[in-house]
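Enquirer: Quick one: sequence and predicted model below, then my questions.
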Amino acid sequence: MELILEPLSYAFVLRGLAAGMLAALSCALLSAFVVWRGMAFLGDALAHAILPGIVLAYVLGFSLFFGALGAAAVAVVLIGAISGQRRLKEDTAIGIVFSGFFALGVLFMSRITTYQDLGHVLFGNILGVASSDLVVMSVVVLITVTVLAGSYKELLVTSFDPAHAVAIGLSPSAIRYLLLFLLALTTVVAIQTVGVILVLSLLVTPGAAASMLSRRLRSITILSVVMSLTATLIGFYASYYGDVASGPAIVLTLTLFFGIVFAFSQTKKRRG
């Protein structure tokens, strides 16, 4: 018990753990949709596309959260505009915007003398979370939960049968933009804990592992949340006691979970 309670005696550690759990919950709720709708590349693109917004916000002295969110919104609109021409596929549009925005962010960072101050953007800094960050993260998670609960049926139909969705009066395009909005919000929140480079793991790995254990979307979502929260907790303590970066510790724990599930599913498949 002492090993468990010792880290929790520090306020900054408690804030870090709370931030990690909030980010894990928000990402896990979207993970099943990201995997089933083939949006992994888009999630990675959004994570990298917010970099110039963060750097500009840092230089201009306003909230990094809103700078990142603004860049993500612009990236989503540009991807939609380019792919909407129908001469280019969406993955091509994503690649163009993703590489262009990330290069712009790196260029901005290279012009800042205090480059190391933004290192947490790339690799995360879970123990540097402030109380105000927790408030913002809580609001984002609340928005994500509320929107997913309110539009679950629409998301389900458009994910598995877009033609039927159109037939009953739904707009798959509008639902997709709604999901992109939630994905942008969640990506911005997760940056604080695992950084730009590793955020894709939180968005993809839990859903991928859960999809190998169940075929029902509701069950996949629940399993994703359980695995994501557990991995965050284990990675957090590994980071504290092993004196390693929290982001990689969390991601490696999630990857280990996936490896175990994959091995289990392969063994079950051979026996079946």
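Expert: Thanks, I have the structure now.
Enquirer: any idea of the mean pLDDT in stretch 130-147?
Expert: Throughout stretch 130-147, pLDDT has a mean value of 86.
Enquirer: Show me how far the helix or strand where Thr230 lies is from its chain's centre.
Expert: For Thr230, the host element (DSSP states H and E) is helix 217-242. Taking CA atoms, centre = their mean, to the nearest Å, one finds the center of helix 217-242 at 13 Å from the center of the full chain.
Enquirer: just stretch 126-144 next, same as before
Expert: Here stretch 126-144 shows a centroid-to-chain-centroid distance of 14 Å under the convention CA atoms, centre = their mean.
Enquirer: What lies in contact with it?
Expert: Identification of contacts with stretch 126-144 by CB atoms under 8 Å, 6 or more residues apart in numbering yields 12-13, 15-20, 22-23, 25-26, 29-30, 65, 120, 182, 185-186, 188-189, 192-194, 236, 239, 246-247. Glycine gets a C-beta too; all of them are placed from N, C-alpha and C.
Enquirer: What residues sit buried inside that stretch?
Expert: Neighbour-count burial for stretch 126-144, with 16 or more other CB atoms under 10 Å as criterion, is recorded at 126-127, 129, 133-134, 136-137, 140-141, 144.
Enquirer: quick one: buried residues of the helix holding Thr230?
Expert: By neighbour count, with 16+ other CB under 10 Å as the criterion, the buried positions of helix 217-242 are 217, 220-225, 227-229, 231-240.
Enquirer: Which helix or strand in the chain has the lowest average pLDDT?
Expert: Every helix and strand in the chain was compared by mean pLDDT, DSSP states H and E; the lowest is helix 119-123, with a mean of 63.
Enquirer: Taking their axis directions, the following helix or strand past it and helix 217-242 sit at what angle?
Expert: Scanning forward in sequence from helix 119-123 by DSSP H and E, the next helix or strand is helix 131-150. In terms of direction (axes from the mean of the first three to the mean of the last three CA atoms, to 10 degrees), helix 131-150 departs from helix 217-242 by 160 degrees.
Enquirer: Can I get helix 131-150 as PDB, trimmed to CA atoms?
Expert: Taking only C-alpha atoms (Å, rounded to 0.1, in the frame of the first residue of the first chain), the coordinates of helix 131-150 have been written out as PDB:
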ATOM      1  CA  SER A 131      -5.100  23.000 -12.100                       C
ATOM      2  CA  SER A 132      -6.400  25.100 -15.000                       C
ATOM      3  CA  ASP A 133      -5.400  22.400 -17.400                       C
ATOM      4  CA  LEU A 134      -7.400  19.900 -15.500                       C
ATOM      5  CA  VAL A 135     -10.500  22.100 -15.700                       C
ATOM      6  CA  VAL A 136     -10.200  22.300 -19.500                       C
ATOM      7  CA  MET A 137      -9.600  18.600 -19.800                       C
ATOM      8  CA  SER A 138     -12.600  17.800 -17.700                       C
ATOM      9  CA  VAL A 139     -14.800  20.000 -19.900                       C
ATOM     10  CA  VAL A 140     -13.500  18.300 -23.000                       C
ATOM     11  CA  VAL A 141     -14.200  14.900 -21.600                       C
ATOM     12  CA  LEU A 142     -17.700  16.000 -20.600                       C
ATOM     13  CA  ILE A 143     -18.300  17.300 -24.100                       C
ATOM     14  CA  THR A 144     -17.000  14.000 -25.600                       C
ATOM     15  CA  VAL A 145     -19.100  11.800 -23.400                       C
ATOM     16  CA  THR A 146     -22.200  13.900 -23.900                       C
ATOM     17  CA  VAL A 147     -21.900  14.100 -27.700                       C
ATOM     18  CA  LEU A 148     -21.100  10.400 -28.100                       C
ATOM     19  CA  ALA A 149     -24.000   9.400 -25.900                       C
ATOM     20  CA  GLY A 150     -26.400  11.800 -27.700                       C
END
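Enquirer: from the middle of its chain, how far away would the helix or strand following that helix be?
Expert: Using DSSP H and E, the helix or strand that follows helix 131-150 towards the C-terminus is helix 152-160. Taking the mean of its C-alpha atoms, helix 152-160 sits 20 Å from the chain's own mean (CA atoms, centre = their mean).
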